[in-house]
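Asks: Just to be clear, the model below is a prediction. Sequence and coordinates:
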Protein chains: 2
Amino acid sequence: MNSNTDTSRSTGASAPVALHARTSVEQVEEGRELAPKFDQDGLIACITTDADSGDVLMLGYMNHEALVKTVQTGEAYYWSRSRKTLWHKGATSGLVQLVEEMRIDDDQDAVWLRVRVSGPGASCHVGYRSCFYRRVPVGKEHEAGKQLVFTESSKIFDPKMIYGDAPNPTLL
Amino acid sequence: MNSNTDTSRSTGASAPVALHARTSVEQVEEGRELAPKFDQDGLIACITTDADSGDVLMLGYMNHEALVKTVQTGEAYYWSRSRKTLWHKGATSGLVQLVEEMRIDDDQDAVWLRVRVSGPGASCHVGYRSCFYRRVPVGKEHEAGKQLVFTESSKIFDPKMIYGDAPNPTLL
């Protein structure tokens, strides 16, 4: 992605997505060209929030293909770092993320998706609505108690019913 | 962080912050112990949102010390990957981020801060309120036009007035 404009065309998708070469700080920060910076593993971080509540649902990663497919289809695709495969979010669970809005940050090394989740509306493989279902006490609350506090009282779905015996993506 | 509980004590700070060893998927996903996973560079990703609007302000990274200081002080600390130093957000600009709430995700490799920003309320070194000041057209909007769309019409501050000749953190 550093020398030439790369125009991707995914089969079955509509308009091509042009990912531009990064030529200057001004172009990257102040320009209107999509010129994402993928890291050494070919990935860009993606923050996904609920379009209605604003809650952060998850932090995922996209490779080139996932970014292009998300732009073309308006549904969230990620790169699964544990399964090492393109991941159409919701393909197994039915909990597809419909992209309301996509943004990119100043140096174009992170994207933000505002989504609406299909079905019962969970985005976490553990079964909760958001992956961020525990609060870390900070400041004065930290002085009073140090254990994590659950912010969701119950799971939206039973992971065993949805994923069966598929390996858990959490790595120690 | 993989074998023993590490209890950090920063000088001048109040209560120690216990970062627990990661012993099982159940402990990490369903437990009440803070057992963060730092990556190969010793960092954990941090999503920072505006506590009132819910807008994503930035994606930063914390090392062990930044995480501990954030928990202890209730103000956001990061690790600056470009300057390779601990970064008390707002120390130069006055735009300190006061942490309303901190959360951690299912596999404890990402945190989410809901913050209130001091002063004029900007969090982006380019001068905008949020680092995510450009929309990427997706789906039907992508088919109609491919350029990024600015979502903030003007900057909150002039970066040159705040940062002077300090090097721009954006890397190509």
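Replies: Thanks, I have the structure now. Numbers count the residues shown, from 1 in each chain, chains lettered A, B, ... in the order given.

Asks: Quick check: which ranges of chain A have low pLDDT?
Replies: Applying pLDDT under 70 to chain A flags residues A:1-13.

Asks: In contact with whichever residue of it sits closest to chain B, which residues?
Replies: Nearest residue of chain A to chain B, counting by Cβ to the nearest Cβ: A:G54, 2.3 Å away. The C-beta positions use only the backbone N, C-alpha and C, and glycine is treated the same way. With contacts defined as Cβ atoms under 8 Å, 6 or more residues apart in numbering or on different chains, A:G54 is in contact with B:49, B:53-55.

Asks: one more time with 10 Å
Replies: Contact analysis of A:G54 by Cβ atoms under 10 Å, 6 or more residues apart in numbering or on different chains lists A:114, B:49-56, B:114.

Asks: repeat for A:V28
Replies: For A:V28, counting by Cβ under 10 Å, 6+ apart, the contacting residues are A:20, A:22, A:35-37, A:104, A:106-109, B:170-172.

Asks: if I look at A:F38, how far off is B:G121?
Replies: The spacing between A:F38 and B:G121, counted by Cβ to Cβ, to the nearest Å, is 31 Å.

Asks: Please give the element, helix or strand, for A:K37.
Replies: Using DSSP states H and E, A:K37 maps to neither a helix nor a strand.

Asks: For A:Y163, grab phi and psi.
Replies: Recorded main-chain torsions at A:Y163 are phi -100, psi -10, according to degrees, to the nearest 10.

Asks: My read is that it contacts A:A91, right?
Replies: No: under the criterion of Cβ atoms under 10 Å, A:Y163 is not in contact with A:A91, lying 11.7 Å apart.

Asks: Tell me which residues touch the closest residue in space to A:F157 that isn't next to it in sequence, please.
Replies: Spatially, and ignoring its direct neighbours in sequence, A:F157 is nearest to A:G127 (5.1 Å; Cβ to Cβ, 6 or more residues apart in numbering or on different chains). Applying Cβ under 10 Å, 6+ apart to A:G127 gives the contacts A:93, A:133, A:152, A:154-163, B:29, B:106.

Asks: how about the helices in chain A?
Replies: For chain A, applying DSSP state H gives helices covering A:25-30, A:64-73, A:139-144, A:159-163.

Asks: Buried residues in the third one, which are they?
Replies: In other words, helix A:139-144. A:139, A:141-142 (16 or more other Cβ atoms under 10 Å in any protein chain shown).

Asks: name the helices or strands packed onto it?
Replies: With contacts defined as 3 or more Cβ pairs under 10 Å, 6 or more residues apart in numbering or on different chains; DSSP states H and E, helix A:139-144 has these neighbours: helix B:64-73, strand B:97-104.

Asks: Need the distance between the two termini of stretch A:136-152.
Replies: End-to-end distance for stretch A:136-152, by Cα to Cα, to the nearest Å: 14 Å.

Asks: do the same with stretch A:138-152
Replies: Taking Cα to Cα, the first and last residues of stretch A:138-152 lie 19 Å apart.
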